[in-house]
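K.L.:
sharing a model that was predicted from the sequence below.
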Amino acid sequence: MIVNNRCFNVCFIFRPFRVPILTGCHSSIPLWWASLCDKKILNQPLEKPDFFRVAELFSLKDLFDARVHLGHKKGCRHRLMEPYLYGCRLDHDIIDLDQTMEHLQLALNFTAHIAYRGGIILFVSRRRQFGHLVETTAKDCGEYAHTRYWQGGLLTNANIQYGPGVRLPDLIIFLSTLNNVFQQHVGIRDAAKMNIPTVGVVDSNCNPSLVTYPVPGNDDTPAAVELYCRLFKMTINRAKDRRKQMELLHGLSADARERRHV
């Protein structure tokens, strides 16, 4: 479902919590066993550092070919981005791709865990040229997107604007953390106030301090943005498929329940 500024409340309301614990007297699976399997499904991914194998989705060469290392001019550099820079060439900052790989793997791994647990993921981008790409990415992985003007207080005043029972996103992915060249996206500040974790692509002119999982990289080149969208889409779909496999393995899927009831 694609979300714009006129129907943004959809992403807050119509996603029920999934509780894969069997109930009812006709179930052939004891409730204590279902609860134990459910805990195992949720805890098993935490036992491995890369349970979803996101490290194999991309390489350093993929980042280089997509021009992720290209930053802005030295005069536009944000002081908090200096630790992520490799150097400067022809008055343009060069981003350290080794750090980009490390931070991108952390961001993808966290995104996979959120998707694995049925969390709501919201893609955000203010760039007009990438609006269709971001919305298509969210649709392909069954999540939500917001590519229009972000109204202040959209998260902090959600209960007042949309009424009680509103569920906020569990993760917000910013493909660009700026509204324009000089202004940070308002959604980053609102997410920080509401303790909503964020993943954000931060260029050399961005402020990464309020982003939970900053990914240093180019956010202007189409090839780079396409790479980010493809990686996040593959990660989310992989995590959801893995959840289905785990439920089938432990006999907790809906089809398995129906077959047991027959």
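P.N.:
Happy to help now that I have it.
K.L.:
show me where the stretch 101-250 of the chain has its helices.
P.N.:
Remark: helices assigned in the stretch 101-250 of the chain by DSSP state H, counting those that start in this stretch are 131-140, 158-162, 186-193, 222-249.
K.L.:
pipe the ones you listed into a markdown table and attach mean neighbour count, mean pLDDT and distance to His113 per row.
P.N.:
Yep, even glycine has a C-beta here, placed from its N, CA and C like the rest. Formatted as a markdown table, the helices of the stretch 101-250 of the chain follow (neighbours: other Cβ atoms under 10 Å; pLDDT from 0 to 100; distance: least, Cβ to Cβ, whole Å):
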| stretch | mean neighbour count | mean pLDDT | distance to His113 |
| --- | --- | --- | --- |
| helix 131-140 | 19 | 96 | 18 |
| helix 158-162 | 14 | 86 | 24 |
| helix 186-193 | 20 | 94 | 18 |
| helix 222-249 | 19 | 93 | 7 |
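K.L.:
could the ones you listed be laid out in TSV, adding distance to Tyr84?
P.N.:
Below are the helices of the stretch 101-250 of the chain laid out as TSV (distance: least, Cβ to Cβ, whole Å):
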stretch	distance to Tyr84
helix 131-140	23
helix 158-162	33
helix 186-193	17
helix 222-249	15
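K.L.:
relative to Leu90, which of the ones you listed is closest?
P.N.:
Closest to Leu90 of these, according to Cβ to Cβ: helix 222-249, at 18.8 Å.
K.L.:
now that closest one against helix 131-140, angle please.
P.N.:
Here the directions of helix 222-249 and helix 131-140 differ by 10 degrees (axes from the mean of the first three to the mean of the last three Cα atoms, to 10 degrees).
K.L.:
which one of the helices of the stretch 101-250 of the chain lies nearest to Arg117?
P.N.:
For the helices of the stretch 101-250 of the chain, distance to Arg117 was read as Cβ to Cβ. The smallest value, 7.9 Å, belongs to helix 222-249.
K.L.:
and the closest one, how far from the chain's centre?
P.N.:
The chain centroid and the centroid of helix 222-249 are separated by 10 Å, computed with Cα atoms, centre = their mean, to the nearest Å.
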